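> below are the sequence and a predicted model for it; my questions follow.
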Amino acid sequence: MDTWSYRDSTWVRASDLMGYDVEATDGTLGRVDAASDALSGSYLVVDVGSWIVGRQRLIPAGAVTGVDHEAKTVRVSMTKDQIRNAPDYDSDTWGAESRTAHEDYYFPFSQ
């Protein structure tokens, strides 16, 4: 499985996922603040709100295990702690180097 591609292409048009709740394997962790559906570069940016103040986490599309459009929920293959310990996401510095750091961290969770 590609870390940066959704497991099922019928789930998404990235703009459809904005505002959806994100469910980790152990509970809700935040909402989708932004999303990308670029070929081999898809990801979600999650506003984790109250438990990491002022922080966002980028989750590569390969970690998404399901989307429920009726419930407006995206499920991911990670715990809240795994996401909490992920590299910070900053749109101003997003590039090849930060993408590699995210890919190295998230690769096991997108399998």
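Looks like it arrived, so ask away. All values derive from a computational prediction rather than experimental measurement.
> drop to CA atoms for contacts and neighbour counts, all remaining ones
Noted.
> in the protein, which spans are helices?
In the chain, the helices defined using DSSP state H lie at 14-17, 80-84, 96-106.
> in JSON lines, list these along with mean pLDDT and mean neighbour count.
Converted to JSON lines, these look like this (pLDDT from 0 to 100; neighbours: other C-alpha atoms under 10 Å):
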{"stretch": "helix 14-17", "mean pLDDT": "75", "mean neighbour count": "16"}
{"stretch": "helix 80-84", "mean pLDDT": "88", "mean neighbour count": "16"}
{"stretch": "helix 96-106", "mean pLDDT": "77", "mean neighbour count": "15"}
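> nearest to Thr73, of these?
helix 14-17 (8.3 Å; C-alpha to C-alpha).
> related to what we said a few turns ago, show me the one of the helices of the chain that comes nearest Val46.
The closest of the helices of the chain to Val46 is helix 80-84. By C-alpha to C-alpha, the value is 9.8 Å.
> residues contacting that closest one, please?
Identification of contacts with helix 80-84 by C-alpha atoms under 8 Å, 6 or more residues apart in numbering yields Ala24, Thr25, Asp26, Gly27, Thr28, Leu29, Ile52, Arg57.
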